[in-house]
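S.K.: mind looking at a prediction? Sequence and model below.
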Amino acid sequence: MPESLTRASRWSASSRWDTAVGALLVVVLLLSFTTVDGFGNALNLSFLIGNTLPIALIALPMTLLVVSGEIDLSVASTAGLSGAVMGALWNQGMTIEAIIPICLVIGVVCGLVNGLLVTRLGLPSLAVTIGTLAAYRGIAQIVLGSDAVTDFPAPYLDFAAGRIGDTFVPYAFLPFLVLLSIAVVALHATPFGRSLFAIGASEEAARFAGVRVKRQKLILFTLTGLMSALTGVFWALHYASARYDNATGLELSVVAAVLLGGIDFDGGKGTLGGAVAGVFLLGALQNVMSLRDVSAQSQIVVTGVLLVLSVLGPRVARQIAVARAGRRAATSPPVSKTPTPTP
């Protein structure tokens, strides 16, 4: 089958999956509003958005990273390390305005370590970030121990956990919309974004086309570390608790949401719109399960099942689309070229 036909079918299947996830999100929200007691009140919706924001923040750079064919499983540990450093420095008497930039720098360093190991030593990102997942969490425990720091300044706690007036919109949702807009433009409307799709589709072809593959990937890992550290700061303020084990298991939710949104694990396909739909679909399901008193362990099982389905579903849809396109190509009559008569 011609490669152009295969690519077209794969892109079509990916687009249909994005649309299906968006439609499923709408259906889940409508059913939840009408059948789940308490789902539609402003306070619960505010909780839903606030609890989903940590996943959404990391999903932005993770989407770009997976589009380029890489992954970072150390994001939750980086967030935990950021929160642990935040708590330790606060205990030492530093101001929160000085602590937050330090936490963000730590995230950049964590991302750089991952990126350098992948791009300079040629190690697989999956193996590297599984290793740093354990390493960063261990450092967080060394930094803060088993302490929990809760006495952060009230204005910061109010911003991270509060909502605008009597609405359901959290204050923190507004900065997220700004970051989302930047990410959408960067991925879908700039040469940088187009280069990421090219790298994910064929790293060798992108390199021959002049794309600086290693530099692009290093930038992505660094951005992912930065956003993970920012998430760690937000987590500590939103839940009013800085602990070394903050955000444990968050990487599973992030990867599940991104892949559920149609980002292909092999790279080269997907949209940020689909990823965000996947994030809030997962957040809505977790909120409904909490309202239904489903245990945390059962929620983890559901997240794992969704992760499997999010990998399996687009592949099955793509194979069906490729098979249909092949049958259409095989059954369509050949185009005859009539020679131009010679005068």
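M.R.: Yep, that arrived.
S.K.: what are the buried residues along the helix or strand containing Ile142?
M.R.: Taking DSSP states H and E as the criterion, Ile142 maps to helix 125-144. Judged by neighbour count using 16 or more other Cβ atoms under 10 Å, the buried positions of helix 125-144 are Ser125, Val128, Thr129, Thr132, Leu133, Tyr136, Arg137, Ile139, Ala140, Val143, Leu144. From N, CA and C alone the C-beta is placed, and that goes for glycine too.
S.K.: and for stretch 97-105?
M.R.: For stretch 97-105, burial by neighbour count (16+ other Cβ under 10 Å) applies to Ile99, Ile100, Cys103, Leu104.
S.K.: my read is that the second one contacts Phe234, right?
M.R.: No: Ile100 is beyond contact range of Phe234, at 10.2 Å (criterion: Cβ atoms under 8 Å).
S.K.: would you agree Leu281 is in contact with Ser32?
M.R.: No: contact criterion Cβ under 8 Å: Leu281 and Ser32 do not qualify, at 11.2 Å.
S.K.: the more surrounded of those two?
M.R.: Between Leu281 and Ser32, counted using other Cβ atoms under 10 Å, the more crowded position is Leu281 (23 against 19).
S.K.: tell me the contacts of the more buried one?
M.R.: Applying Cβ atoms under 8 Å, 6 or more residues apart in numbering, one finds that Leu281 lies in contact with Val21, Leu24, Leu25, Val28, Ala257, Leu260, Gly261.
S.K.: buried sites along the helix or strand following the helix holding Ile142?
M.R.: Using DSSP H and E, the next helix or strand after helix 125-144 towards the C-terminus is helix 154-161. Going by neighbour count (16+ other Cβ under 10 Å), the buried part of helix 154-161 is Tyr156, Leu157, Phe159, Ala160, Ala161.
S.K.: report the contact partners of the nearest residue to the last one once chain neighbours are set aside.
M.R.: Meaning Ala161. Nearest non-adjacent residue to Ala161, counting by Cβ to Cβ, 6 or more residues apart in numbering: His238, 5.2 Å away. With contact taken as Cβ under 8 Å, 6+ apart, His238 is in contact with Gly50, Leu53, Pro54, Ala160, Ala161, Ala172.
S.K.: picking that back up, tabulate the buried residues of helix 125-144 (CSV), appending pLDDT.
M.R.: Output for these, formatted as CSV (pLDDT from 0 to 100):
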residue, pLDDT
Ser125, 94
Val128, 96
Thr129, 96
Thr132, 96
Leu133, 96
Tyr136, 97
Arg137, 96
Ile139, 96
Ala140, 96
Val143, 95
Leu144, 93
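S.K.: list just the nearest of these to Ser82.
M.R.: Ala140 (8.4 Å; Cβ to Cβ).
S.K.: quick one: contacts for that closest one?
M.R.: Ser77, Gly80, Leu81, Gly83, Ala84, Val85, Tyr244, Asp245.
S.K.: I'd like to know which of these are part of helices.
M.R.: Ser77, Gly80, Leu81, Gly83, Ala84, Val85 (DSSP state H).
S.K.: please report how far the residue nearest to the spatial centre of the chain lies from Leu272.
M.R.: Among the residues of the chain, the one closest to the centroid is Ala59, at 1.8 Å (Cα atoms, centre = their mean). Using Cβ to Cβ, to the nearest Å, one obtains 9 Å as the distance from Ala59 to Leu272.
S.K.: same check on Val118?
M.R.: From Val118 to Leu272 the distance is 22 Å (Cβ to Cβ).
S.K.: just the helices in the stretch 101-250 of the chain please.
M.R.: 125-144, 154-161, 173-188, 191-201, 203-208, 213-238, 250-260 (DSSP state H, counting those that start in this stretch).
S.K.: hey, which of the ones you listed is tucked in deepest?
M.R.: Across these, averaging neighbours per residue (mean count of other Cβ atoms under 10 Å) puts helix 250-260 on top, at a mean of 26.
S.K.: so what secondary structure elements neighbour it?
M.R.: Applying 3 or more Cβ pairs under 8 Å, 6 or more residues apart in numbering; DSSP states H and E, one finds that helix 250-260 makes contact with helix 42-67, helix 75-91, helix 272-291, helix 296-331.
S.K.: centre of the chain to it, how far?
M.R.: Here the centre of helix 250-260 is set off from its chain's centre by 6 Å, with Cα atoms, centre = their mean, to the nearest Å.
S.K.: what does it contact?
M.R.: 21, 54-55, 58-59, 62-63, 66, 71, 73-77, 79, 133, 231, 265, 275, 278-279, 281-283, 300, 303-304, 306-307, 309-311.
S.K.: quick check: angle from it to helix 213-238?
M.R.: 120 degrees (axes from the mean of the first three to the mean of the last three Cα atoms, to 10 degrees).
S.K.: can you show me the CA trace of helix 250-260 as CSV?
M.R.: Provided in CSV are the C-alpha atoms of helix 250-260 (Å, rounded to 0.1, in the frame of the first residue of the first chain):
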residue,chain,number,x,y,z
LEU,A,250,0.1,11.4,38.9
GLU,A,251,2.2,10.3,36.0
LEU,A,252,-0.2,7.4,35.3
SER,A,253,-3.1,9.9,35.1
VAL,A,254,-1.2,12.2,32.9
VAL,A,255,-0.1,9.5,30.4
ALA,A,256,-3.6,8.0,30.4
ALA,A,257,-5.3,11.3,29.8
VAL,A,258,-2.9,12.3,27.0
LEU,A,259,-3.2,9.0,25.2
LEU,A,260,-6.9,8.9,25.8
